[in-house]
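J.: okay, here's the prediction I keep looking at, along with the sequence it came from:
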Amino acid sequence: MKRSTAVLLAALLLLSLLPGVLFSAGALDNTYYRYNDYVGAVSEENEKLLNRKAQSRSEELEMDFPVCVFDTLRDDQTRPEYADWFYEHNKFGYGENRDGILLLLDMKNYVFDIYYYGAAAELIDDVTAGELVNAFRDDCHNDDMSFYEVFDAYFDRVFAAVDAARTAEHTTLPSKADNANGMPYWYPLETEGFTDFHGTGLPLVVDDAEIFSVKQEKELAEKIREMNESLNVSYVALTADALHGLTPEEYASDFLHFNGYGVGERYGAVVFFLCLDMTDRCWLTIAINSYEDVFTYDVTYEIDELVDSDIRGGNYYGAFLKHADFTRDLFSKYRELPSWYPAGTDVIDLDREGRFPPENTDLSGPRVVDNAGLYSPEQKEEYETKLRELSQTYGKEFFIFTDEDSPVPRAYDYARDFWYYNGYGRDGVLLYAIPGRDLKPSLLFEGSCAGDYGELPLESRVRNRSDGNGLPDTTAYYLKQLEFLLKHGRLPMTVWSVGFIILCGVCVGLIAATWLRSRLMRGMTVKKASGAGQYIVPGSLIIRNRTSDYLYSTVSRTARSKPSESSSSSSSSSGSRGGSSYSSGRSAGGSYSGGGRRF
Amino acid sequence: MPDQQTVTYKCPYCDAPLRYIAGGKQLGCASCGNKFAPELLEQYSRFTKKDAPFDWGDYKKSFQRDLRRSEKPVYVCRSCGAALETDETVASLSCPYCDNEIVLSDRLSGGLQPNGVIPFALDQKAAVKAVRNYFKGKKLLPRDFTAFHTLSKIKGVYVPFWLFDAGVDGDAAFDCTTVRRYSDSDYDYTETKHYLVRVSGSMRFSGVPVDGSEKADDDLMSALEPFDYSGVVPFDPGYLAGYLSDRFDSDPDESLPRASERMEDCTAAHLRSAVGDGYNSVSFKGSDLRLDAPGVKYVLLPVYLLNVNYGGKSYRFAVNGQTGRIVGELPVSRAKKLGYYWGFASAVAAAVSFLLYLIAR
């Protein structure tokens, strides 16, 4: 009896772990589970209804429509890897190409993806795929719908999409009517507390202004798809002819945020937006999340120069192609990393905050890594000796690093990566010079040095020293300052600071002496009596009348300081838009960077 | 007539000249040490048979008539008989021949008699001590200044003062403003409203002093204030014995403007306080004030005077003979002044610089 119970429990356990195996395509009939719910989002009864519905239509359309609702990934798998494993392991799919559409919903992180397998990938175009994503996302945010209704509606839409795709080739345009709030069709009805969903299969070209031909749209989408997939980036082309009361920057950034664009752990995304609104014709490159560091003012200025003539000449398609090519080159640059980076590192998506430098691994190598060739061999030897001496004396690590350019959007991050991946220890200072980004050298303080010396003006002194002086001279100056700092715990005083202190002392001294002189002079002269207060007869003051007559008024005004608007107004008058970072100021939209121009 | 013009107080015991004892309201004899009340001496002299005066005969009468005619009076010392010619404003003096104290009573009698007098409360020693104390602690005083002055030359003088009583009535006008600040999305605005505020009122003053002597330095005399008027006593020539005294040479009409200015300024200041707190700024615009029922009293106030010539310049000091308050302009040593200034500046500069260095390093 006991033995039979143990066997039964093992069988149940196996059943719960691999439900799809037992009820896979090979085991069909009435128990073929396409809706796999590991978190109990719907009741058992509704689960049966959903399975029944999926099964009947799957057989009819000869395409599988599995759904996986889970809250824990298997081992270290990413969601795409898990999706593939789930689809493969449960032997989903019809025909030799295993046609099917898998909806993967992570209830822990509130992320969903729709994956297309076999013929489904060709059958469902980007527009339809985007609509499916948007509709499902909206349903998830609809508090009036139960999860059963959400999945039921999803099945209806995905069946209809496959049906429509099979029966006719886009006979009608998708609906792009404004939503109930008068906002763009993709805008959520409720932005308060909006939680981003990041899905795959989002449209890569959204031509709401309808400036592209069908062929152009397909070619551009293909170009972008190839770039996004090969470089693992998120790039989208967007046009619109109405801003719905938003600024162009808000429109573009909201488009990215509310539609769930973004890749990687930090969901970086960029959109090239052409706005043909009657009141504001402009183009913008707007980046969000991790891509904000990539599309800096200099980059967007370069882009603007590149596409300016095409857009002003009406060659919008050409401008979009150039923009895509430029972006591809830009991202490609960040994929060619030095050998000390671990393979597969995405320097854009890399989260460097909270990363703790490892213990010293190998400090026998050179302490002057001069990739840019800015020092002579003698200088390198001299600095090397000095840095080793300082390290041995003070128990901290000191390095110098130069490179011609940075394969990381921010040179500072490149310096941090250099320190981190080379295992230079937990406490130390790195002098780095990357002429391709900044002609002046900078300092990186790590570990306790950041707390002890980071607030001191060592870096500003070094940078000021580099004005009119070469890097070797600046380096020698830096080493002297550093040695003094390590020895005394403070920086040596400059001539200017000594002069300033003396000047302050002299000023205080003169003021004090003037006060003393007035004190000493008191009583040296006669001060005659004025007034007659002491001769007033007590109680004799009588106020008979008091009148107040209004005469006139004056009004003066001063313009209020508005830093954010000042750049806006100046760019408006000159007909161009600045490239500095913007902040949308809305909780749902988040921050973004980028720039563009009016035309 | 000379008998009626001069009064001499002699010791009933030893016939030595008597001096008024400061603070004692009595006259004292420096020879025998006796003290006498002025009223008693008056009674005493009235009933004392005097020695037969020197008979000047007709010459004297005509001389005195001439003196009167020419308004250059000559007084005869009752002690030694010396003929004394004085300034016409002098009311008491010492005889240069016998050091007898003489009061020229005709200059302080009738319409010229003061309403009162504040007798000296400080004697000459106390005045000298006050001056010495005044010099003490004056770091900028030249080191050799004290060697130049002779404090024994300090003289007690009854200075004629007019004490004005008056009411001041009228109104004063003030420019007042209120400020309101507000903003819109583009500008910050400051609105200033101007008002003319007029305040009408009156107040009374009593005993505003103005010296009636043109010889006295007005600034020096006014700086000696205040005098305690509770110490005023009816005038008696006896108080003047042993001190110099002057008769006024600037009449009330000439002195009134100075008193009037002080009273009007004070009244305007009090009317300003009635403007109220509802304004951001109040500035005096003008006034229309009138003196109402002015009255005046003539008193002699006790002052010690000292002149010191130093460095080719005369420095005058005055001591309030009642309160001991001392005023006067002192010479300033240029070397000391520069030394203190730059020495202190250097010391402070060095200290501050060192402190800042310690903080900044």
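T.: That came through fine.

J.: below-threshold pLDDT in the stretch 401-550 of chain A: ranges please.
T.: By pLDDT under 70, the stretch 401-550 of chain A has no low-scoring segment.

J.: can you give me the helices in it?
T.: Assigned by DSSP state H, counting those that start in this stretch, the helices in the stretch 401-550 of chain A fall at A:411-421, A:448-453, A:458-465, A:471-488, A:495-521.

J.: same question for the stretch 151-300 of chain A.
T.: Using DSSP H, counting those that start in this stretch, helices in the stretch 151-300 of chain A cover A:214-231, A:248-259, A:297-312.

J.: which of these sits closest to chain B?
T.: helix A:248-259 (19.2 Å; Cβ to the nearest Cβ). For every residue, glycine as well, the C-beta is placed using N, CA and C.

J.: in the closest one, what counts as buried?
T.: A:P248, A:E249, A:E250, A:Y251, A:A252, A:S253, A:D254, A:F255, A:L256, A:H257, A:F258, A:N259 (16 or more other Cβ atoms under 10 Å in any protein chain shown).

J.: distance of the first one relative to A:T285?
T.: Distance, A:P248 to A:T285, by Cβ to Cβ, to the nearest Å: 11 Å.

J.: could you do A:E446 as well?
T.: The value you get for A:E446 to A:T285, if Cβ to Cβ is used, is 34 Å.

J.: nearest to A:L103 among the buried residues of helix A:248-259?
T.: Checking the buried residues of helix A:248-259 against A:L103 by Cβ to Cβ gives A:N259 as the nearest, at 17.4 Å.

J.: ok, the nearest residue in space to that closest one that is not next to it in sequence - how many residues close by?
T.: Of all residues not flanking A:N259 in the chain, A:W186 sits nearest, at 5.6 Å (Cβ to Cβ, 6 or more residues apart in numbering or on different chains). If you count neighbours by other Cβ atoms under 10 Å in any protein chain shown, A:W186 ends up with 19.

J.: and A:E226, by the same measure?
T.: A:E226, neighbours per other Cβ under 10 Å, totals 12.

J.: what of B:V179?
T.: Neighbour tally, B:V179, other Cβ under 10 Å: 11.

J.: ok, B:F164 next?
T.: 26.

J.: A:A242 now?
T.: 16.

J.: which residue is the nearest non-sequential neighbour of it?
T.: A:D277 (5.7 Å).

J.: so what's the one you found up against?
T.: Residues near A:D277 by Cβ atoms under 8 Å, 6 or more residues apart in numbering or on different chains: A:A240, A:D241, A:A242, A:L243, A:P248.

J.: on that earlier part again, closest to A:N181 out of the helices of the stretch 401-550 of chain A?
T.: Taking the helices of the stretch 401-550 of chain A one by one with Cβ to Cβ, helix A:411-421 is closest: 39.8 Å.

J.: so what touches that closest one?
T.: A:293, A:340-342, A:347, A:350, A:352, A:355, A:357-358, A:369, A:399, A:401, A:403, A:406-408, A:428, A:430, A:432, A:434, A:437-438, A:442, A:444, A:446.

J.: spit out the contact partners of A:L49.
T.: Counted by Cβ under 8 Å, 6+ apart, A:L49 has contacts A:Y148, A:D152.

J.: just the pLDDT for residue 283.
T.: Unless you meant another one, I'm taking chain A. Note for A:W283: predicted pLDDT of 94.

J.: think we crossed wires, I meant chain B
T.: The predicted local confidence for B:S283 is 90.

J.: again, but for B:H149
T.: 58.

J.: A:V299 contacts A:L330, doesn't it?
T.: Yes. Under the criterion of Cβ atoms under 8 Å, A:V299 makes contact with A:L330 at 6.8 Å.

J.: these two: which is more packed in?
T.: Comparing A:V299 with A:L330 by other Cβ under 10 Å, the one with more neighbours is A:V299, at 21 against 18.

J.: point out where chain A drops to low pLDDT.
T.: A:1-32, A:167-175, A:193, A:195-200, A:357-362, A:561-590.

J.: list the buried residues of stretch A:540-556.
T.: For stretch A:540-556, the neighbour count (16+ other Cβ under 10 Å) marks A:L541 as buried.

J.: is chain B within reach of that stretch?
T.: Yes. On the criterion Cβ under 8 Å from any Cβ of the partner chain, stretch A:540-556 is in touch with chain B at A:540-556.

J.: can you show me the strands along the stretch 201-350 of chain B?
T.: B:244-246, B:281-310, B:313-320, B:326-328 (DSSP state E, counting those that start in this stretch).

J.: can you list the strands that the longest one pairs with?
T.: Paired with strand B:281-310 in the same sheet, following DSSP bridges, are strand B:116-117 (parallel), strand B:155-183 (antiparallel), strand B:313-320 (antiparallel).

J.: and those strands, which is most packed in?
T.: Compared across the strands paired with strand B:281-310, strand B:116-117 shows the largest average neighbour count, a mean of 22 (mean count of other Cβ atoms under 10 Å in any protein chain shown).
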